[in-house]
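**Q** Take a look and give me a structure for this.
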Amino acid sequence: MRVALGGFARSGLEARLGEDLAAGVRAALVHYTRRLRSGRKPVDLPRFQVERQPEVPAIDFELSIDPEIERLLERETQRQGTSLQQLTTHAVFVYLADLDEPP
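**A** Predicted coordinates for the structure are as follows:
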């Protein structure tokens, strides 16, 4: 799948997980879809994020992910009425926030 991240998401991943952005995005997507599978209420994108234009990507790359994860993400984009780019960025922010939660 194609991944395009804005500067804020990119810098958050790099600050928390280092320079391997592909590994960071993959971990974020696995984390987000695990939340979806768990039956917990998913963390939806805020409406203002869905309605605004995506920011110009700071980085754009191809990422191979498990087909089941890609299907779950596509279903979630339809449910939330957003794009895969916006959902991927959102998944990165959810993941980073969850990493920062105290145990």
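**Q** going forward, measure contacts between C-alpha atoms and count neighbours the same way
**A** OK.
**Q** Quick one: low-confidence residue ranges for the chain.
**A** For the chain, residues meeting the criterion pLDDT under 70 lie at 48-55, 103.
**Q** Where does residue 45 fall, secondary structure wise?
**A** For residue 45, there is no enclosing helix or strand under DSSP states H and E.
**Q** Quick check: it touching residue 85?
**A** No: applying C-alpha atoms under 8 Å, one finds residue 45 not in contact with residue 85, separated by 11.9 Å.
**Q** Give the other helices and strands that the host helix or strand of residue 23 contacts.
**A** Taking DSSP H and E as the criterion, residue 23 maps to helix 21-37. Helix 21-37 is packed against helix 7-17, helix 67-80, helix 84-100, with contacts defined by 3 or more C-alpha pairs under 8 Å, 6 or more residues apart in numbering; DSSP states H and E.
**Q** Just the residues contacting the last one, thanks.
**A** Spelled out, it's helix 84-100. Contact with helix 84-100 is made by 3-6, 9, 12-13, 16, 25, 28-29, 31-32, 43, 45, 49-50, 54, 73-74, 77, as judged by C-alpha atoms under 8 Å, 6 or more residues apart in numbering.
**Q** PyMOL command for the buried members of these?
**A** Selecting only the buried entries of these in PyMOL, with 16 or more other C-alpha atoms under 10 Å as the criterion:
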select buried, resi 3+4+5+6+9+13+25+28+29+31+32+45+50+73+77
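**Q** follow-up on the earlier one: for the helix holding residue 23, list every residue counted as buried.
**A** Counting neighbours by 16+ other C-alpha under 10 Å, helix 21-37 gives 21, 24-26, 28-33, 36 as buried.
**Q** May I have the secondary structure class of residue 4?
**A** The three-state label given to residue 4 by DSSP: H, G, I helix; E, B strand; the rest coil is strand.
**Q** so how far is residue 57 from it?
**A** With the distance defined as C-alpha to C-alpha, to the nearest Å, residue 4 ends up 5 Å from residue 57.
**Q** What of residue 36?
**A** Applying C-alpha to C-alpha, the value for residue 36 to residue 57 is 26 Å.
**Q** Likewise for residue 43?
**A** Distance of residue 43 to residue 57, computed by C-alpha to C-alpha: 23 Å.
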